[in-house]
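Student: give me coordinates for this.
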Amino acid sequence: MPADETSSPGTPAHPAYDAVIVGGGHNGLVAAAYLARAGQSVLVLERLGSTGGAAVSTRPFDGIDARLSRYSYLVSLLPQKIVRELGLDFAVRKRTVSSYTPTTRAGRPTGLLVGGEGTPESFAALTGDGREYDAWQRFYAMTGRVAERVFPTLTEPLPARGDLRARVDDADAWRMLFEEPIGVAVEETFADDLVRGIVLTDALIGTFADAHDPSLLQNRCFLYHVIGNSTGDWDVPVGGMGALTDALAGAARAAGAEIRVLHEATRIETDGTRAEVTVRSPDGEHVVGARRVLVNASPQALAELLGEKPPAPAEGAQLKVNMLLTRLPRLRDHSVDPHRAFAGTFHIAEGYGQLATAYREAAAGRLPVAPPSEIYCHSLTDPSILGPGLAARGYQTLTLFGLHTPARLFAADNGTTREALLGATLAELDAHLEEPVTECLALDAEGRPCIEAKTPLDLERDLRLPGGHIFHRDLSFPYATGETGRWGVETAHANVLLCGAGAVRGGGVSGVPGHNAAMAALGR
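Tutor: The predicted model follows:
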């Protein structure tokens, strides 16, 4: 592998590497593996002590052998094409249940179970007849057809808008998903408030928007959540999210890429054909030459590295909570076993009206009175993330993702606001339980409850996500516009590419921007 070359910034050296990749998150590792397999010399620079970025597994609770997917936690958009072409030793499992949503009807605790046996009966019990279930079937058959047509384009050069529309070949689907607010389709298709809310949540995960936002930001989010692998399935990574990024790092190294942790890129200078990257490491500061630089960081970070004006700031809007329980809590709805209810996405305070109210409250600068959130239990599908002793004793993990909590709400006092939001969120969960969830929490080695919460400001601090935005910036529709290049990864500099979540068709754990940046770099 070529050695580093040191020179003065502004005096481009003879390139030491074909490609330097800034950031060792999953997209950077995908790009590294593809480029190295193509015979290029590749250096990956990661400022943290390990690779993986937000897609990592950690033991967050002292003395407890539980490896949680601390930040990102499901694989929704990773194409099998990437898994196959990079030879990744990595597996996912399907969840046995899609979702369970508890509610109260006529003073009686009940809920809607979707996925697996009993789904039609659950719809009928909630709504009184089979019409909502039939509408559900028709609606998701439509999104399934769109997914089959759109998802394969994510690893191809960006199609023109008209070409993608022709590929979808369904005027009604195009209108509902690409042209008018998703709230229109939800209200036209479904009558029950709870069912409407369950559908809408896919448009709001990591996105602060109303169902009728004229920007269609919510539509873009919805689209990315229903097209994954042409099915819309959200898969559980066996061994936790770190198993994926470990496999990617292994594939990159096996192909010849060099990965250096605790090496932070602090500046990029380029003349369009050659580049220099200034690197800060435990050994001091030095400069690395490269023919091309791929940046697996936010557009704001890219601008700062280049000494340019950053784009408008992004704003995250979610609460992330990790918990370890000694057992799953008992539900007030006795018709469903907790092991089924928590096997999929457990929706809380996510009725259609509740979501609208929470959005209005947050937009007005207040924490939602009834914060909406959703939970899933990784260990029910994949108990391997628990040590043998914990699994044998029935311990379970819970991951909670809260909606409609924009970063601006935490600006005055992040810690106090975090605690208030966490308390209100758990209270909404407890309303559907026979016992407070806190009574089921395990204790760490110091006797502290095994629960941690992360606000957008915490994610900005820990992972340098601008504003805590999990997608780096607002998602875009997966077609070309006047501002995009051929692959959606291009920048104003011919030899600097964006390979992170902020690229067109970025967002989520997909590897798509990494793949596309590698293809752009290779001229494919």
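Student: show me the shaky parts of this protein.
Tutor: Applying pLDDT under 70 to the chain flags the ranges 1-15.
Student: so where's the longest helix in it?
Tutor: Across the chain, the longest stretch assigned as helix under DSSP state H is helix 131-150.
Student: list the buried residues in that one.
Tutor: The neighbour-count check on helix 131-150 (16 or more other C-beta atoms under 10 Å) flags 132-133, 135-136, 139-140, 142-143, 146-147, 149-150 as buried. Using the backbone N, CA and C atoms, a C-beta is placed for each residue, glycine as well.
Student: what is the nearest of those to residue 56?
Tutor: Ranked by distance to residue 56 (C-beta to C-beta), those are led by residue 147 at 27.9 Å.
Student: does that closest one touch residue 232 like I think?
Tutor: Yes: contact criterion C-beta atoms under 8 Å: residue 147 and residue 232 qualify, at 5.6 Å.
Student: burial count for residue 229?
Tutor: The local packing of residue 229 (other C-beta atoms under 10 Å) involves 19 other residues.
Student: now the closest residue in space to residue 270 that isn't next to it in sequence, what's its secondary structure?
Tutor: Excluding the flanking residues, the one nearest residue 270 by C-beta to C-beta, 6 or more residues apart in numbering is residue 493, at 5.1 Å. Recorded secondary structure, residue 493: coil (DSSP: H, G, I helix; E, B strand; the rest coil).
Student: what do you get for residue 259?
Tutor: Quick answer, by three-state DSSP: residue 259 is strand.
Student: gap between it and residue 20?
Tutor: Counting by C-beta to C-beta, to the nearest Å, the gap from residue 259 to residue 20 is 12 Å.
Student: equivalent analysis for residue 79, please.
Tutor: Distance of residue 79 to residue 20, computed by C-beta to C-beta: 25 Å.
Student: which one of the two has more residues nearby?
Tutor: Neighbours per residue (other C-beta under 10 Å) separate residue 79 from residue 20, with residue 20 holding more: 28 against 19.
Student: what residues does that one make contact with?
Tutor: By C-beta atoms under 8 Å, 6 or more residues apart in numbering, the residues touching residue 20 are 42-45, 265, 275, 277, 288, 290, 292-294.
Student: quick check, it in a helix?
Tutor: No: remark: residue 20 does not belong to a helix; assigned using three-state DSSP, it is strand.
Student: so it bridges to which residues?
Tutor: residue 43, residue 293 (DSSP bridges).
Student: give the buried residues for stretch 115-126.
Tutor: Of the residues in stretch 115-126, those buried (16+ other C-beta under 10 Å) are 115, 119, 122-123, 126.
Student: got it, and stretch 229-239?
Tutor: Within stretch 229-239, the residues that qualify as buried are 229-230, 232-237, 239, counting by 16+ other C-beta under 10 Å.
Student: measure that stretch end to end?
Tutor: Criterion C-alpha to C-alpha, to the nearest Å; first-to-last residue distance in stretch 229-239 is 20 Å.
Student: residues touching it, excluding its own?
Tutor: In contact with stretch 229-239 (C-beta under 8 Å, 6+ apart) are residues 57, 67, 69, 74-80, 90-95, 140, 143-144, 147-148, 151-152, 225-226, 228, 243-244, 378, 381-382, 384-385.
Student: go on, stretch 173-193?
Tutor: In contact with stretch 173-193 (C-beta under 8 Å, 6+ apart) are residues 126-127, 131-132, 135-136, 138-139, 142-143, 145-146, 165, 168, 196, 199-200, 203, 210-214, 216, 218-219, 222-223, 351-353, 477.
Student: pull the CA atoms of whatever helix or strand residue 460 lives in into PDB?
Tutor: Counting by DSSP states H and E, the element that carries residue 460 is helix 456-463. Written as PDB, here are the backbone C-alpha positions of helix 456-463 (Å, rounded to 0.1, in the frame of the first residue of the first chain):
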ATOM      1  CA  PRO A 456     -31.100  15.300  18.200                       C
ATOM      2  CA  LEU A 457     -28.500  17.400  20.000                       C
ATOM      3  CA  ASP A 458     -26.900  14.300  21.500                       C
ATOM      4  CA  LEU A 459     -26.700  12.700  18.100                       C
ATOM      5  CA  GLU A 460     -25.100  15.900  16.700                       C
ATOM      6  CA  ARG A 461     -22.500  15.800  19.500                       C
ATOM      7  CA  ASP A 462     -21.800  12.000  19.300                       C
ATOM      8  CA  LEU A 463     -21.900  11.400  15.600                       C
END
